[in-house]
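# Got a sequence here, can you build the structure:
(chains A and B)
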Amino acid sequence: MFVRGLKRKCFDGEEDIEGTLAGIKAIPSYNLQRQSLLDMSLVKLQLCHMLVEPNLCRSVLIANTVRQIQEEMTQDGTWQMINTQSTGQASLDRLVSTDILCRSSRDQAEGKHVPAYGTFNKDFESDQAQDGSETMSTASSVQTPRNLQSNMWEMENPQENKGNFQKSLDQIFETLENKSPNSVEDLFSEVDNSYYDLDTMLTGMMSNTKMGHCDSLETFSSPKNTASNSNCKSDLNDLDHIVEILVES
Amino acid sequence: FLAGFGSLMQDVLWCFSQVKGTIDIGVTEADIISTVEFNHTGELLATGDKGGRVVIFQREQESKNQPHRRGEYNVYSTFQSHEPEFDYLKSLEIEEKINKIRWLPQQNAAYFLLSTNDKTVKLWKVSERDKRPEGYNLKDEDGRLRDPSMITMLRVPVLRPMDLMVEATPRRVFANAHTYHINSISVNSDYETYMSADDLRINLWNFEITNQSFNIVDIKPANMEELTEVITAAEFHPHHCNTFVYSSSKGTIRLCDMRTAALCDRHAKFFEEPEDPSNRSFFSEIISSISDVKFSHSGRYIMTRDYLTVKVWDLNMENRPIETYQVHDYLRSKLCSLYENDCIFDKFECVWNGTDSVIMTGSYNNFFRMFDRNTKRDVTLEASRENSKPRAILKPRKVCVGGKRRKDEISVDSLDFSKKILHTAWHPSENIIAVAATNNLYIFQDKVN
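Below you'll find the predicted structure:
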C-alpha cells in the first residue's frame, strides 16, 4: 500500500544499516531512513481505522517497532534534536495527509448514542480535521514519556471527567467481557465522551522511554473530543506544530 | 541440492490433479479462500472463504476403469457458515471470513466440523439424506396441512428413496466469548472439548455447552498500555488431552498443562531461540512473530512458521529448535518494502505430511515449499494455471537472488507479492496436497507409476 504524503525511502539493499553509508550519496542516511521508518509506522497505526476492527497483532508489532526506534533515537541523542526544532508553518500537503489521520468527532458532538469508545470506525474518511486528537495523541505519545502522557490524559479539560481515562478503559474491557446490561449502562454513565479506542491506547503505549521534559507538549490538549470550532482551530495550530516536528528531520 | 527433477527414485514427483475456482482476472474478495483442511481420513476436504462460505469436497471412489484418476475431489456440500455482523457496542463490523475449520473425528454417519470467524465458533453437522418419508396422514405431499375432517383412512408413512441430498445444519453456536479476534481453534483428543484462541485469551469449551466457556489463558495486561505481545496460534497436543501450546508475536511458544492450574498463565515449557545479533534490525521482532504452530502427528515435535523460516522443535528442548528451514531468505533484504506494503504481516501456515517426514509451507508468487526432514532436500513448486494440465508433473522453481539469472529462474523483483499461498493442507495418509491460491484451490498428487 502506498503511503500518502511520505517519500518512499527504504532500507532495501542495506542489510547492515549501522552507519556504513556515510560516503554513499545515493543512499539516504541512516537517520533519514530511521526517521522515515518511524513516520511510516505512525501513519500505519493511524491508517488501521477501517470498518472492521484493526488487527491487534499488527498494531502491537508496529507499536513495538516505533518504541524501538524511539529508544535508539533517545540513546544517540537525535530525539532531543527533533524536539528543539523551531516550528514553521506546515505546508498544505502535510496538512492534507494529516487530514486522513484526523477522525471526526461529530458523532460524539451530536450526542448520538454511539459508545464513547466509538473506535476504529468509518469517520476515518472525514474531511475535517476537527479532532486532531488522533494525530496529536500519536505525536504526543511519540514525544512524551508514558508518565507524562498519562498525566496529560488525566489533567486538563476540567469540564470533562478527570483522570477517568484509565478507569474508563478498564471499564470498557470489563464491559466487553461482561454480558450483563447493567454494566453497559454504567459504562455510558461514567465514561466521558472522549474518543477512546484501542488505537489511542496503542499509540499511547508506544512511548515507553523516559524522556526529558518536553515544554511544547504542555500546550497540547488531551486527546478528547473537541466539540467547538475554536478548539478545533487551536488544535490545528498544534497539529501543524506536531506534523512539522514529525516530518522534518 | 534441490530435489532433483526425478533424479532419485525415492523423490516424490508432484503432479497437478485438479483446480477449483474461477479463472477470472478480477477476483471477488468473497471468494478468497481463507482456510483449507482435510478431515481425519482424507475423504473430505473443506475450504472456508472470506465470504463466510464453507465448501466441502469429497473424494470419489477410485474406479477400476480409470486407475490413473486416483480419486478426484468433487463438491459434496456448500453452505453459508457465517454472515457479516455488526457489533453495535463498538460500532464495528464483524467479518464473516472463515478463519479456521477443524474437523471432528467421525463417530457416526454424519460429519462434524468446527468453523470460526473472528468472534463466533459454530459446530456444523453434515449429513446425507437419501430417503424421505411419504404418505403422511395430516399433510399432503406438498406439506400443506390436510383438513382433518377430510381424512377417511389412516396409513403408515413409508421411507422412499430420493436423490442424495447433503445437508449442513448448525448444531451449536459458541458466541460472545471473545473480545478479540479468534485466530485458532483446536479439537482436543478427548473429543469432548475444544479450545478457541484470540489475540489475548484462550477459552476451553465443551461441545455440548454453548453458554459457558472456561478461560484457560489470559495475557491481557491490566494496563493495555503495557501490551507488547499477543497470542498468534494455539493447538492441543494430538494425544495428551491436558497439553496444549500457544505461540506469540514475539516468537515464543508456551506449552501448558491444564492439570496444574485452572488458569494456565504459567507455562510448563517455554520455547524460544536466542536472537542472532548479527541479523538484528528494526524488523527483527516482526519477522520473528509466529504465524502458525502445529504439533507433529506423533506429538513429539512442534513446527512453527515465522516470516522467513519454518522451525521444528523437540518438546524436550526449549532453548532452540532442532531444525530451521529457510523459506524465502532472499526477502531479508526487502523487509522495508514488505513492511511498507504490509506483506511483512502476512500469516503463512505450515503443515506436516502424514508421517512427519516432510513439511510444507507457502510463499509468494504462488510458490510453496516442501522440506524433507530426512534427506534435508527442499523443493519450490508453483500453483498456477499454466501447470494445470492433467497429471502434469510440477517442475521445481527457483528464485534467483543476484547475479545472472538463469533461464527458468525468476528474480526476486519479479515476484508477485499479491499471489501468496497462506493456506495449505496435506492428506493424513497419502501424498495428496491442497494448496489455496487466492480464490483457487489446487490439488496435487504424487505421480502414480
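# Quickly note the distance from the closest residue to B:Asp218 other than its chain neighbours to B:Ser184.
Nearest residue to B:Asp218, sequence neighbours excluded (Cβ to Cβ, 6 or more residues apart in numbering or on different chains): B:Arg201, at 5.0 Å. Yep, even glycine has a C-beta here, placed from its N, CA and C like the rest. According to Cβ to Cβ, to the nearest Å, B:Arg201 stands 12 Å off from B:Ser184.
# secondary structure class for the residue of the stretch 151-300 of chain B at minimum distance from chain A?
Residue of the stretch 151-300 of chain B nearest chain A, by Cβ to the nearest Cβ: B:Glu225 (4.0 Å). Three-state assignment for B:Glu225 (DSSP: H, G, I helix; E, B strand; the rest coil): helix.
# Please report the number of neighbouring residues for it.
B:Glu225: 22 surrounding residues under other Cβ atoms under 10 Å in any protein chain shown.
# same deal with B:Phe282?
Residues near B:Phe282, counting by other Cβ under 10 Å: 22.
# hang on, isn't B:Glu60 packed against B:Val75?
No. B:Glu60 is beyond contact range of B:Val75, at 11.0 Å (criterion: Cβ atoms under 8 Å).
# Same drill for those two, tell me which one is more crowded.
With neighbours defined as other Cβ under 10 Å, B:Glu60 and B:Val75 compare such that B:Glu60 has more, 14 against 11.
# Could you check how far that one is from chain A?
The gap separating B:Glu60 from chain A is 39 Å, by Cβ to the nearest Cβ, to the nearest Å.
# ok now do that residue, which residues does it touch?
Taking Cβ atoms under 8 Å, 6 or more residues apart in numbering or on different chains, we find B:Glu60 in contact with B:71-74.
# redo that, cut-off 6 Å
By Cβ atoms under 6 Å, 6 or more residues apart in numbering or on different chains, the contact set of B:Glu60 is B:71-72, B:74.
# try B:Tyr180
Counting by Cβ under 6 Å, 6+ apart, the residues that B:Tyr180 touches are A:56, B:198-200.
# Okay, and which of these map to helices?
Among these, the ones falling in helices (DSSP state H) are A:Leu56.
# Of all pairs in the contacts of B:Tyr180, which one is the farthest apart?
Across those, the longest distance by Cβ to Cβ is 8.6 Å; it joins A:Leu56 and B:Asp198.
# Count the residues that sit near the residue lying closest to B:Lys398 once chain neighbours are set aside.
Spatial nearest neighbour of B:Lys398, chain neighbours left out: B:Glu409 (4.8 Å); criterion: Cβ to Cβ, 6+ apart. Using other Cβ under 10 Å, B:Glu409 is surrounded by 13 other residues.
# can you tell me how far B:Lys131 sits from chain A?
From B:Lys131 to chain A the distance is 43 Å (Cβ to the nearest Cβ).
# What of B:Glu95?
Counting by Cβ to the nearest Cβ - B:Glu95 and chain A are separated by 6 Å.
# Got the confidence number for that residue?
Per-residue confidence (pLDDT) for B:Glu95: 93.
# That one: neighbouring residues, count only.
21.
# for it, phi and psi?
With angles defined as degrees, to the nearest 10, B:Glu95 sits at phi -70, psi 150.
# Are we agreed that A:Arg67 is in a strand?
No. A:Arg67: not assigned to a strand; according to three-state DSSP it is helix.
# Could you count how many residues lie near whichever residue of the stretch 251-400 of chain B sits closest to chain A?
Scanning the stretch 251-400 of chain B for the residue nearest chain A gives B:Cys336, at 4.1 Å (criterion: Cβ to the nearest Cβ). For B:Cys336, the count of nearby residues is 24 (other Cβ under 10 Å).
# Where does it sit: helix, strand or coil?
Going by three-state DSSP: B:Cys336 is helix.
# what's the spacing between it and B:Thr28?
Taking Cβ to Cβ, one finds B:Cys336 at 32 Å from B:Thr28.
# Which residue is the nearest non-sequential neighbour of B:Val217?
Per Cβ to Cβ, 6+ apart, closest to B:Val217 is B:Ile202, 3.9 Å.
# circling back: most neighbours, which of the contacts of B:Glu60?
B:Gly71 (17 neighbours).
# My read is that that one contacts B:Gln58, right?
No. Assessed by Cβ atoms under 6 Å, B:Gly71 is found out of contact with B:Gln58, at 9.6 Å.
# if we can go back for a sec, what's the per-residue pLDDT of the residue of the stretch 151-300 of chain B closest to chain A here?
On the pLDDT scale, B:Glu225 gets 89.
# do A:Gln128 as well
pLDDT, read off for A:Gln128, is 35.
# Kindly report the same for B:Val75.
pLDDT at B:Val75 comes out at 96.
# Which strand or helix spans it?
strand B:73-80 (DSSP states H and E).
# how far out from the middle of the chain is that strand?
Mean-position distance between strand B:73-80 and its chain equals 17 Å (Cα atoms, centre = their mean, to the nearest Å).
# With stretch B:274-289 instead?
Taking mean C-alpha positions (Cα atoms, centre = their mean), stretch B:274-289 and its chain are 27 Å apart.
# ok, which residues in chain B are in contact with chain A?
Chain B has residues B:90-93, B:95, B:179-180, B:199, B:224-225, B:228, B:230, B:249, B:282, B:285-286, B:333-334, B:336-337, B:341-342, B:345 near chain A, with proximity defined as Cβ under 6 Å from any Cβ of the partner chain.
# Of those residues, grab the buried ones for ChimeraX.
Of those, the buried ones go into a single ChimeraX selection, burial set by 16 or more other Cβ atoms under 10 Å in any protein chain shown:
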select /B:90,91,92,93,95,179,180,199,224,225,228,230,249,282,285,286,333,334,336,337,342,345
